[in-house]
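Undergrad: The following block contains a protein sequence and its predicted model.
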Amino acid sequence: IGTITLRQSAENINEQVVIVGYGAVQRKNLTASVSSVKSSDVVKSTETSLNSALQGRAAGVDVISSEGGPAPTVSITIRGGSSISASNEPLYVINGFPQLGGSNLNINVNDIESIDIIKDAAAAAYGSRGANGVVLITTKSGKAGKFSINYDAYVNKQYVNNQIPVMNAGQYAELQHFLRRSSEYGDTTMFKNWQNYADSPSINWQDRIMRTPLGQSHNLSLSGGTDKVKILTSFGYFNQPGIIIGTKYDRYTANFNIRAKFNKLLSNETTVYLAQGEKSGPEVNGAAGPTFSAIKAAPFIGSGFETLSDFLSQNLGFGGVYGVDPVVELSDPDLKRTTFNGNLNTAFTFHLTEHLNLRVSGGLSKGNAEYKSFYPSTTSSGRMSNGSAYVSMNNSLNWLNENTLNYNNTFKGIHYLDATLGFSMQKSTSNDYG
């Protein structure tokens with residue numbers, strides 16, 4: 001009979017600190033509904049977005065992706081949707097800066113120190129904005145000790161396990177003939193003699209538009225400091241070509257953090273986070289997407305034609321039941337979406353007494369998004385207008401000021417009091433062009 005010995009963990013769960021609203025409490029004193037995700041769990045994921053990395057790691061959090069291309073739009077709902085017509089997105093608070101709409105956050109998961117998801121009454125401090133829950137994100141900061149340089153990288157490979165079975169040329173011709181033979185004029189198309197296609201070479205368009213790309217990620221950080229000054233600087237690069245040809249995503253990030261203790265009465269923490277994302281190619285899902293086109297398109301090209309588009313336009317008709325050329329739809333358009341996000345947060349803490357602290361913080365958030373598209377006349381979107389182009393831009397600027405007075409104390413070792421009084425101002429401006 002074996003012996004089982006339980007050893008005490010070096011980490012005491014009661015001493016863990018959880019961020020809640022405008023403060024932090026030890027987990028043993030926590031009464032609200034809060035889910036915490038460790039940074040060590042998030043970095044194990046090779047997902048491109050923070051929301052995707054949260055999937056399956058927090059109770060009551062549903063992660064939904066709208067499509068399967070690189071850097072897809074990913075939304076989360078906390079404890080189910082609460083609105084039929086309005087958004088169910090939670091409020092995101094990044095280093096103390098609240099912002100709505102976080103489905104496309106350009107945050108490098110390697111820069112995250114902690115993620116706390118607060119729900120229900122625990123989110124009341126943020127008013128109506130927190131009705132769908134609040135996701136509190138804290139990026140990494142410097143630690144006391146010798147300066148150290150860390151570098152990590154990985155390479156990943158993507159592939160499709162199973163394709164959707166499609167008809168060959170003979171089966172397709174027989175089906176098209178069957179659909180038309182009972183019409184008023186019978187089958188007058190090229191499929192009238194469908195038996196002639198029995199031995200024709202077939203094209204599986206899924207093979208033509210899919211690939212097995214290699215993605216890569218690189219992260220470099222420098223951190224260290226003394227008890228009075230702690231510094232962290234990190235840079236990241238992420239590249240993910242899509243499984244579908246013509247699709248790609250690149251992300252560049254930089255994180256700067258400094259914490260300084262000037263004296264017993266005053267300390268400061270400043271964080272600057274910069275991120276830029278570049279996404280190329282069309283959306284791959286939906287009835288107009290290339291994956292559906294690859295299934296729907298005629299599985300052959302007539303002799304003398306270089307593309308399915310030319311063959312269809314001269315023989316069967318472009319689009320409709322015969323589909324479009326999925327390779328042309330992916331290769332010929334020039335589509336690019338570029339996003340930039342910059343956040344500056346600084347906070348001064350005045351230690352008025354052993355138990356009373358005044359925190360004055362301010363922040364700026366700048367966002368730019370630009371979408372450029374060009375569809376040449378060879379594509380379904382540009383065929384009717386002999387080519388089409390479109391440009392749209394969005395610029396946003398937000399500023400924030402928060403002032404909180406916090407008192408916490410323990411009386412006689414059993415009574416604990418934590419009270420916060422605060423005043424907050426935030427203004428957001430946004431301009432759209434195109």
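TA: Yep, that arrived.
Undergrad: okay, now Arg181: neighbour count?
TA: When neighbours are defined as other Cβ atoms under 10 Å, Arg181 has 12 of them. Heads up, the C-betas are built off the backbone N, CA and C, glycines and all.
Undergrad: In space, what's closest to it - neighbours in sequence excluded?
TA: Among residues not flanking Arg181 along the chain, Asp187 sits closest, at 5.0 Å (Cβ to Cβ, 6 or more residues apart in numbering).
Undergrad: Contact partners for the one you found?
TA: Asp187 makes contacts with Gln176, His177, Arg180, Arg181, as judged by Cβ atoms under 8 Å, 6 or more residues apart in numbering.
Undergrad: Please type out the ChimeraX selection for whichever of those residues turn out to be buried.
TA: Selection of buried members from the contacts of Asp187 for ChimeraX, criterion 16 or more other Cβ atoms under 10 Å:
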select :176,177
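Undergrad: Let's verify the residue nearest to Arg181: helix, strand, or coil?
TA: The local conformation at Asp187, judged by DSSP: H, G, I helix; E, B strand; the rest coil, is coil.
Undergrad: What pairs with the helix or strand that contains Val272, parallel or antiparallel?
TA: Under the criterion of DSSP states H and E, Val272 resides in strand 266-280. Sheet pairing of strand 266-280 (DSSP bridges) gives strand 248-261 (antiparallel), strand 334-351 (antiparallel).
Undergrad: List of residues touching the helix or strand following that strand?
TA: For strand 266-280, the succeeding helix or strand toward the C-terminus, using DSSP H and E, is helix 290-296. Among residues not part of helix 290-296, those counted as contacts by Cβ under 8 Å, 6+ apart are 68, 164, 166, 205-206, 208-209, 244, 282, 284-286, 321-326, 329-330.
Undergrad: What distance do you get for the nearest residue to Lys228 once chain neighbours are set aside to Asp120?
TA: Computed as Cβ to Cβ, 6+ apart, the closest residue to Lys228 that is not its neighbour in sequence is Lys261, at 4.8 Å. Distance of Lys261 to Asp120, given as Cβ to Cβ, to the nearest Å: 36 Å.
Undergrad: likewise Tyr252?
TA: 37 Å.
Undergrad: likewise Asn403?
TA: For Asn403, the distance to Asp120 - Cβ to Cβ - is 26 Å.
Undergrad: same thing with Ala131?
TA: 10 Å.
Undergrad: Ok, Ser267 next?
TA: In terms of Cβ to Cβ, Ser267 sits 33 Å off from Asp120.
Undergrad: which one of these two has more residues nearby?
TA: The neighbour comparison of Ser267 against Asp120 (other Cβ under 10 Å) goes to Ser267, with 18 against 15.
Undergrad: Quick one: name whatever helix or strand follows the lengthiest helix in the chain.
TA: Taking DSSP state H as the criterion, the chain has its longest helix at helix 169-180. Next helix or strand after helix 169-180 toward the C-terminus (DSSP H and E): helix 205-209.
Undergrad: Average pLDDT for that next one, rounded please.
TA: Averaged across helix 205-209, the pLDDT comes to 91.
Undergrad: got it, and stretch 425-433?
TA: 91.
Undergrad: Tell me the spacing between the nearest residue in space to Ile203 that is not next to it in sequence and Asn357.
TA: Nearest non-adjacent residue to Ile203, counting by Cβ to Cβ, 6+ apart: Pro299, 5.2 Å away. Computed with Cβ to Cβ, the distance linking Pro299 and Asn357 is 70 Å.
Undergrad: So which of those two has more stuff around it?
TA: Using other Cβ under 10 Å, the more surrounded residue of Pro299 and Asn357 is Pro299, with 21 against 17.
Undergrad: Please pick the buried ones from the contacts of helix 290-296.
TA: Of those, these count as buried by 16+ other Cβ under 10 Å: 68, 166, 205-206, 208-209, 244, 282, 284-285, 322-326, 329-330.
Undergrad: Name the residues of stretch 202-216 that are buried.
TA: Ser202, Ile203, Asn204, Trp205, Gln206, Arg208, Ile209, Met210, Arg211, Pro213, Gly215.
Undergrad: no, scratch that, I was asking about stretch 337-347
TA: Per 16+ other Cβ under 10 Å, stretch 337-347 contains these buried residues: Arg337, Thr338, Thr339, Phe340, Asn341, Asn343, Leu344, Asn345, Thr346, Ala347.
Undergrad: Please tell me I have it right and the fourth one contacts Tyr273.
TA: By that I understand Phe340. No. Here Phe340 does not reach Tyr273: they are 11.7 Å apart, not a contact under Cβ atoms under 8 Å.
Undergrad: For Lys248, give the beta-bridge partners.
TA: Beta bridges link Lys248 to Pro241, Ser280, judged by DSSP bridges.
Undergrad: actually Tyr154, not the one I typed
TA: Bridge pairing for Tyr154 - DSSP bridges - gives Ser217.
Undergrad: Count the residues that sit near it.
TA: 10.
Undergrad: Looks like it contacts Leu214 (just checking).
TA: No. Between Tyr154 and Leu214 there is no contact under Cβ under 8 Å: 10.8 Å.
Undergrad: Reformat the buried residues of stretch 202-216 as JSON lines; add distance to Ala144.
TA: Output for those, formatted as JSON lines (distance: Cβ to Cβ, whole Å):
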{"residue": "Ser202", "distance to Ala144": "67"}
{"residue": "Ile203", "distance to Ala144": "63"}
{"residue": "Asn204", "distance to Ala144": "60"}
{"residue": "Trp205", "distance to Ala144": "59"}
{"residue": "Gln206", "distance to Ala144": "55"}
{"residue": "Arg208", "distance to Ala144": "57"}
{"residue": "Ile209", "distance to Ala144": "53"}
{"residue": "Met210", "distance to Ala144": "50"}
{"residue": "Arg211", "distance to Ala144": "47"}
{"residue": "Pro213", "distance to Ala144": "42"}
{"residue": "Gly215", "distance to Ala144": "35"}
